[in-house]
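**Q** heads up, no residue letters with this:
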RNA sequence: GCCGCAUUCGUCUAGAGGCCCAGGACACCGCCCUCUCAAGGCGGAGAUCACCGGUUCGAAUCCGGUAUGCGGUACCA
């Protein structure tokens, strides 16, 4: 049952690639809205022209879309144009609205033009700091007469617009943190709502837009609690009704500070490029600061939506734990349908071809045949190249040290490989199948008094160059008879100068 | 400095006065399975619930204080 009164939003600023924290905030808004059948919208806060870019904008839209965090209103992620009754959803296209709102404030003397120069402001700040006072605007322009203003304009000064902060205590019942009260004397004095060039600032645009877009619940990061009183003041002054607020706990670096790209990988696109899948990422993000209260760990998005309850959101921050993310990602990769997995693997294989880690792109059917032995071994999609890349390379590099099994010496390894080569070559090429290949090699090991594991390991390294691979005989089948024999031959040749093994 | 917020195993968390001398998961260790690596199964170690005081027959859960940590303090968002 849809609830048209519930309207929430994510309002990213295109000043960087989609950040894990933004994705998490978007996810919680999405979960809140979907759980009750409300509306989730996306608005681009692009008023910081100096730092913003269209490339970041695309990255954010595509990233959220990729994660499955889809919006009901906002910029169209697949083309031009905005969707929804309150379009446009880009602030740079809503400048008239902010202008109109600030004119109203100016007319009512709820805001005023401020002619202070950056130098004056800096000096004020320095003085306050020296006197151990909290920094705040001193109000130099708060009570200027018309003549005084005219004089400043005549000097060529362009004013910013400052909002008058009224004395009092601002309080609200935060949906996650309970009642919060902040005295407006701690807000730093009258604050700027529009730059000298007329472009509006964040505090002002959020309020104007949240009101215009009928936002019922503002769900955002904890770092915004201090901004909330300013916003409430603005809602009040503009005559708008005040939405509910919910401040989410922060995602933290391992050292407990707010997650930052200096200390933690924060770009969603980077996780995507490493082969994390949306199911794993979303599941992980949802459990950062929230839990269903059950012992379920692996939960699909629709189940998370069904269980989501903002009352269960924590107050304390959560450290980002990549190991847990990897585990969850592996859980989700194992749950993918074969065709789906193949589709998702393909770009990673192609990337490996492009940068030369493998020599050709495996056909889908070959990858499909491999799935039973690789799917449960993939913590990420990208891991496929390390796990099975030897199948798609012309030459493998073998470290002679790892070619020799731990309990063997070089001579024994050469003899073992030679004997194995013979057994494999003698094998009927038509029945080159895993369960057919294993018995002869086991018999060989037994006849020679070798541990089967040692023989297998020598062959494994000879044909793959690695000590950790999918099961050996499946690997030999995937490789095919010719390449198997050729690689064993090459390994034997590499051991050619080893002394003869003493007969046991 | 000032304002605000937070605090349960290393990490993510369960826990809303007795079910908790605290449960699950990741990571770690061991065993099983086993040709390696995974996956899976079983088991182990790991939290005097930040500390102090109070309320109560009874507190991780309620109250007060302390400590520590974090966030904010822009003509950024």
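**A** Arrived safely, thanks for sending. This one's a predicted model, so the numbers in the text were calculated from it and none came from an experiment.
**Q** the residue nearest the centre of chain A and RNA strand B, how far apart?
**A** Residue closest to the average C-alpha location in chain A (Cα atoms, centre = their mean): residue A:268, at 2.7 Å. Distance, residue A:268 to RNA strand B, by Cβ to the nearest atom of the strand, to the nearest Å: 16 Å. Using the backbone N, CA and C atoms, a C-beta is placed for each residue, glycine as well.
**Q** which helices and strands does the one helix or strand residue A:351 maps to pack with?
**A** Assessed by DSSP states H and E, residue A:351 sits inside helix A:338-354. In terms of contacts (3 or more Cβ pairs under 8 Å, 6 or more residues apart in numbering; DSSP states H and E), helix A:338-354 is packed against helix A:364-374, helix A:383-388.
**Q** what about the residue lying closest to residue A:462 once chain neighbours are set aside, neighbour count?
**A** In space, and not counting its chain neighbours, residue A:462 is closest to residue A:491: 3.6 Å by Cβ to Cβ, 6 or more residues apart in numbering. Using other Cβ atoms under 10 Å, residue A:491 has 24 neighbouring residues.
**Q** what's the answer for the one 4 residues further on, then?
**A** Here the number of neighbours of residue A:495 (other Cβ under 10 Å) works out to 21.
**Q** just residue A:355 next, same as before
**A** 8.
**Q** and if you look at residue A:22?
**A** Neighbour number of residue A:22 under other Cβ under 10 Å is 21.
**Q** near RNA strand B at all, the helix or strand hosting residue A:181?
**A** Using DSSP H and E, residue A:181 sits in strand A:178-183. Yes - interface with RNA strand B: strand A:178-183 contributes A:178, A:180, A:181, A:182, A:183 (Cβ under 7 Å from any atom of the strand).
**Q** the helix holding residue A:351 to helix A:364-374, inter-axis angle?
**A** If you take axes from the mean of the first three to the mean of the last three Cα atoms, to 10 degrees, helix A:338-354 sits at 100 degrees to helix A:364-374.
**Q** in stretch A:323-330, what counts as buried?
**A** A:325, A:326, A:328, A:329, A:330 (16 or more other Cβ atoms under 10 Å).
**Q** so which of the residues you listed reach RNA strand B?
**A** Answer for the buried residues of stretch A:323-330 near RNA strand B (Cβ under 7 Å from any atom of the strand): residue A:330.
**Q** got JSON lines for the buried residues of stretch A:323-330, with pLDDT and secondary structure too?
**A** Shown next, in JSON lines, are these (pLDDT from 0 to 100; DSSP: H, G, I helix; E, B strand; the rest coil):
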{"residue": "A:325", "pLDDT": "97", "secondary structure": "helix"}
{"residue": "A:326", "pLDDT": "97", "secondary structure": "helix"}
{"residue": "A:328", "pLDDT": "97", "secondary structure": "helix"}
{"residue": "A:329", "pLDDT": "98", "secondary structure": "helix"}
{"residue": "A:330", "pLDDT": "98", "secondary structure": "helix"}
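**Q** going by distance to residue A:225, which of the buried residues of stretch A:323-330 wins?
**A** Nearest to residue A:225, judged by Cβ to Cβ, of these is residue A:325 at 27.2 Å.
**Q** correct me, but that closest one touches residue A:282?
**A** No - under the criterion of Cβ atoms under 8 Å, residue A:325 is not in contact with residue A:282, lying 10.9 Å apart.
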